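**Q** Show me how the following folds:
(3 chains)
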Amino acid sequence: MRARRRRKPASYGFGFLDENAKKELRRALLKAVAIPGHQVPYASREMPIARGFGTGGLQVTLALLGDDDTVKVIDQGSDVSVNAANLRKFFALVCPGVRETTRTADATVIQTRHRIPEQRLRDDQILVFQVPYPDALVVVEPSAAKRREMHGAANYARLWTKLYEDMVAFDEITISHRYPTRIAGHYVIDPSPIPRWDVPKLNMADCLYLFGAGREKRIYAVPPHTPAEPLSFSDVPFRVEDFTDEHGHRRACARCRATDTFLDELPGADGVKTYQCSDIDHCTETAKAEPCERSSKSAA
Amino acid sequence: MTTPTPRSRWMRAFAAAEADRVLALAGRLAAEHSATHRSAPRAGLALLRLRESVMLDTFYLGEIPVTTARVALLAPDGGQVEGGSVVMDDDVEFAAALAVLDGVLAHGLSGSAEVRGLLDEGQAEIDRTARLRAAMLSRTKVDFSLMAEAGDDDRA
Amino acid sequence: MTTALDVPAVYCPKHRQRLFRQLLDCMARPGSVADLAAWIDGAPAALAVLAALCDSEVSVADQQGLLTDGDWRFLESPQSTVPAARFIFVDGATAPAPNFEPALGALTTPEQGATIVIRVSGLGTTGPKVRLSGPGIASHRDLALGTLHPDWIERRAAWCRFFPLGVDLILCDESRVAALPRTTRVARMEIHR
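**A** Sure, this is the predicted structure:
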């Protein structure tokens, strides 16, 4: 009907998802927090990005955001990669009023792919993980129904066996990321492909961690102040990545000189490897703060 | 006007009328009859189901925005009467406005005459569009008998 | 257009988002009390909780008839019995009936354990104090339960005995809420008058 001169063109509501979809996500999120580590099923919606590109995290973030939020998106620690920049633009488009930031300290909600920021998150911040494979038991049990039973009964014997076999074959646990982590003494979660370096940050945190797996239609959570223990043997403790060089010195970031961060290895054109912080925001902040710190140290 | 527009077609007629005047009138009548929402107005998506014409199977053509509203109006006798609307739109305010007009007209509250006027205008607009389309359609009609006369070998 | 057609605050999408974030925070930090007054325009906090979470997809049980016809119309939830409902709304001043048995979920589907929204008054300020510990709580947190009947805490302990089965409680007074998820351990403290 042309005669009805529209006052405004049809558009998506705040947060892209319709209100019923958001309510369902919110109910799932509350149950996920109430049962730490349990994968709560939900009806994952079609999103304007392909499944596997963070639709799970995206839906969780959209269910959270209000016009008083400040959102940050990182992809492997970077705010500027295509994936992160696209998602941030999408939030700005469908959530009018939400502020974008790259600074960890300024964000109220951070969506992440495969890293936890170096800076300890506060109790007023929420970290949302994009999860490709939500179930830690998938390596030992193909049947989803059986895995759910094993989770419910906290029966992780076969996962322990797998870790033990790793020890026998390779003298160390061969899992580099997605390290199975036990939450509050019951459920074992797949913490998404974060490096081992980030796993200890799940333990007794101040912030709330939410995990969204869009393709697998699961949501789970690690509440603040909740024990999160990476599976390990008493005689083979869990270890984070080792950044010591051949001389036994801890490698420093080439950009900010930090020696307490997770480093990315960058092969140079001349074949010489350099190392740089994976968390770009933290690196930038450290580089800014460093000069005075260094001068005060040399003065001491 | 020959036949009055049945209530089931009111929404379509209101939606075809001038939006600004619909909203202005509804706003005035809502205040006059102390309109309140009976349930939460809702904007969402609905699946549009069609029956295809060969095997008569149903299929989903796609999603359409649908907004519903239900309002209560104060009747002169002190009781409450209801108006409702379901519109193919995402504008909650507009759906609420149509629900008010629906209630006023259906229960003959004061202001019905003006509502009727808007309704007739909308209906006239729909009729005009329909006539235009019918005319366009008739120009595309093909007379198969003429084609046969032109010499179609398959026709024995 | 006109102010006469305002939707009640608790059913506005914007307010619902704020209410949800407060609830999420309460659930993540059991026993912490959030004041919803800014977002509910005088409506009871318990109704705001239901409005933020319920729709036609989830059943609500209201044995005591605490919700009005208007509330039901806006919530759009199907009414249900206590054992079948996903959400249960009760007045906490009276003890739960002996046959009050909410859904606890199953080992494979613990999320189907009910959420019980309990109306009390004086939450966080009056009534018996309990000491809480467990996930979401750094060491311990104390909470005054207002007019909550002590039997609720006993019955809750029984319902939540076999983790991950259990129920999650959301306590509400006029404008404030606090949550007790099934993981929270509750210990009695002294009785206040």
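**Q** pLDDT weak spots in chain A?
**A** Applying pLDDT under 70 to chain A flags the ranges A:1-10, A:290-300.
**Q** I should have written chain B there, sorry.
**A** B:1-2, B:148-156.
**Q** Around chain C, pick out the residues from it.
**A** B:23, B:26-27, B:30-31, B:34-41, B:70-71, B:93, B:96-97, B:100 (Cβ under 8 Å from any Cβ of the partner chain). C-beta coordinates here come from the backbone N, C-alpha and C atoms, glycine included.
**Q** The host helix or strand of C:Val177 - contacts with which helices or strands?
**A** Per DSSP states H and E, C:Val177 falls inside strand C:176-180. Under the contact definition 3 or more Cβ pairs under 8 Å, 6 or more residues apart in numbering or on different chains; DSSP states H and E, strand C:176-180 sits against helix C:13-28, strand C:34-35, helix C:45-53, strand C:168-172.
**Q** burial count for A:Gly77?
**A** 27 (other Cβ atoms under 10 Å in any protein chain shown).
**Q** which residue sits closest to it, ignoring its sequence neighbours?
**A** A:Ser278 (3.8 Å; Cβ to Cβ, 6 or more residues apart in numbering or on different chains).
**Q** Next up, the contacts around that neighbour.
**A** A:76-78, A:115, A:261-264 (Cβ atoms under 8 Å, 6 or more residues apart in numbering or on different chains).
**Q** now do 7 Å
**A** A:76-77, A:115, A:262-264 (Cβ atoms under 7 Å, 6 or more residues apart in numbering or on different chains).
**Q** Dump the residues you listed to TSV, plus secondary structure.
**A** Below are the contacts of A:Ser278 laid out as TSV (DSSP: H, G, I helix; E, B strand; the rest coil):
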residue	secondary structure
A:Gln76	coil
A:Gly77	coil
A:Arg115	coil
A:Phe262	coil
A:Leu263	strand
A:Asp264	strand
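**Q** So which of the residues you listed wins on neighbours?
**A** A:Gly77 (27 neighbours).
**Q** re earlier: which of the residues of chain B next to chain C are buried, as a PyMOL select command?
**A** Selecting only the buried entries of these in PyMOL, with 16 or more other Cβ atoms under 10 Å in any protein chain shown as the criterion:
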select buried, chain B and resi 23+26+27+30+35+36+37+38+39+40+41+70+71+93+96+97+100
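**Q** residues touching the closest residue to C:Pro164 other than its chain neighbours, list them.
**A** The shortest distance from C:Pro164 to any non-neighbouring residue, by Cβ to Cβ, 6+ apart, is to C:Pro110 (3.7 Å). Counting by Cβ under 7 Å, 6+ apart, C:Pro110 touches A:35, A:38, A:152, C:164-165.
**Q** Considering the residues you listed, which possesses the most neighbours?
**A** A:Ile35 (29 neighbours).
**Q** how close does it get to A:Thr226?
**A** Distance, A:Ile35 to A:Thr226, by Cβ to Cβ, to the nearest Å: 11 Å.
**Q** mind listing which of the residues of chain B next to chain C are in helices?
**A** B:23, B:26-27, B:30-31, B:93, B:96-97, B:100 (DSSP state H).
**Q** Spatially central residue for chain A, please.
**A** Centroid-nearest residue in chain A: A:Phe129, 3.6 Å away (criterion: Cα atoms, centre = their mean).
**Q** The host helix or strand of that residue: how far from the chain's middle?
**A** For A:Phe129, the enclosing helix or strand under DSSP H and E is strand A:126-130. Offset of strand A:126-130 from its chain centre (Cα atoms, centre = their mean, to the nearest Å): 5 Å.
**Q** can you list the residues that contact the helix or strand following it?
**A** Downstream of strand A:126-130, the first helix or strand assigned by DSSP H and E is helix A:144-152. The contact list for helix A:144-152, computed with Cβ under 7 Å, 6+ apart, reads A:135, A:137, A:141, A:187, C:107-108, C:110, C:164.
**Q** 8 Å instead?
**A** With Cβ under 8 Å, 6+ apart as the test, helix A:144-152 has contacts from A:38-39, A:135, A:137-138, A:141, A:155-156, A:158, A:187-188, C:106-110, C:164.
**Q** Which of the residues you listed fall within helices?
**A** Per DSSP H, these map to helices at A:Arg158.
**Q** Show me which of the contacts of helix A:144-152 are buried.
**A** Counted by 16+ other Cβ under 10 Å, the contacts of helix A:144-152 give A:38-39, A:135, A:137, A:141, A:156, A:187-188, C:108-110, C:164 as buried.
**Q** and those as JSON lines, adding distance to A:Leu87?
**A** Converted to JSON lines, those look like this (distance: Cβ to Cβ, whole Å):
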{"residue": "A:His38", "distance to A:Leu87": "26"}
{"residue": "A:Gln39", "distance to A:Leu87": "23"}
{"residue": "A:Asp135", "distance to A:Leu87": "24"}
{"residue": "A:Leu137", "distance to A:Leu87": "29"}
{"residue": "A:Glu141", "distance to A:Leu87": "32"}
{"residue": "A:Tyr156", "distance to A:Leu87": "33"}
{"residue": "A:Tyr187", "distance to A:Leu87": "28"}
{"residue": "A:Val188", "distance to A:Leu87": "28"}
{"residue": "C:Thr108", "distance to A:Leu87": "33"}
{"residue": "C:Thr109", "distance to A:Leu87": "31"}
{"residue": "C:Pro110", "distance to A:Leu87": "31"}
{"residue": "C:Pro164", "distance to A:Leu87": "32"}
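**Q** Out of the residues you listed, which is nearest to B:Thr3?
**A** C:Thr109 (56.7 Å; Cβ to Cβ).
**Q** if you skip the residues just before and after it, what's nearest to that closest one?
**A** A:Arg148 (7.8 Å).
**Q** and that neighbour, how far is that from chain B?
**A** To chain B, A:Arg148 is 30 Å away according to Cβ to the nearest Cβ, to the nearest Å.
**Q** Then C:Phe20?
**A** With Cβ to the nearest Cβ as the criterion, C:Phe20 and chain B are 16 Å apart.
**Q** what's the distance between that residue and C:Val10?
**A** 11 Å.
**Q** which one of these two has more residues nearby?
**A** C:Val10 (26 against 23).
**Q** Return the residues in contact with the closest residue to chain A within chain C.
**A** Of all residues in chain C, the one sitting closest to chain A is C:Leu107 (3.1 Å; Cβ to the nearest Cβ). Each residue near C:Leu107 by Cβ under 8 Å, 6+ apart is listed here: A:148-149, A:152-153, C:164-165.
**Q** quick revisit: tell me which residues touch the residue nearest to the centre of chain A, please.
**A** A:57, A:112-113, A:191-192, A:194, A:209-212.
**Q** My read is that C:Pro78 contacts C:Ser56, right?
**A** Yes: between C:Pro78 and C:Ser56 there is a contact under Cβ atoms under 8 Å: 7.1 Å.
**Q** So which elements touch the helix ranked longest in chain B?
**A** For chain B, the helix with the greatest residue count under DSSP H is helix B:112-140. Judged by 3+ Cβ pairs under 8 Å, 6+ apart, helix B:112-140 is in contact with helix B:10-16, helix B:19-32, helix B:92-106.
**Q** I'd like those helices as JSON lines, with distance to A:Phe16 appended.
**A** Formatted as JSON lines, the helices and strands packed on helix B:112-140 follow (distance: least, Cβ to Cβ, whole Å):
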{"stretch": "helix B:10-16", "distance to A:Phe16": "26"}
{"stretch": "helix B:19-32", "distance to A:Phe16": "25"}
{"stretch": "helix B:92-106", "distance to A:Phe16": "17"}
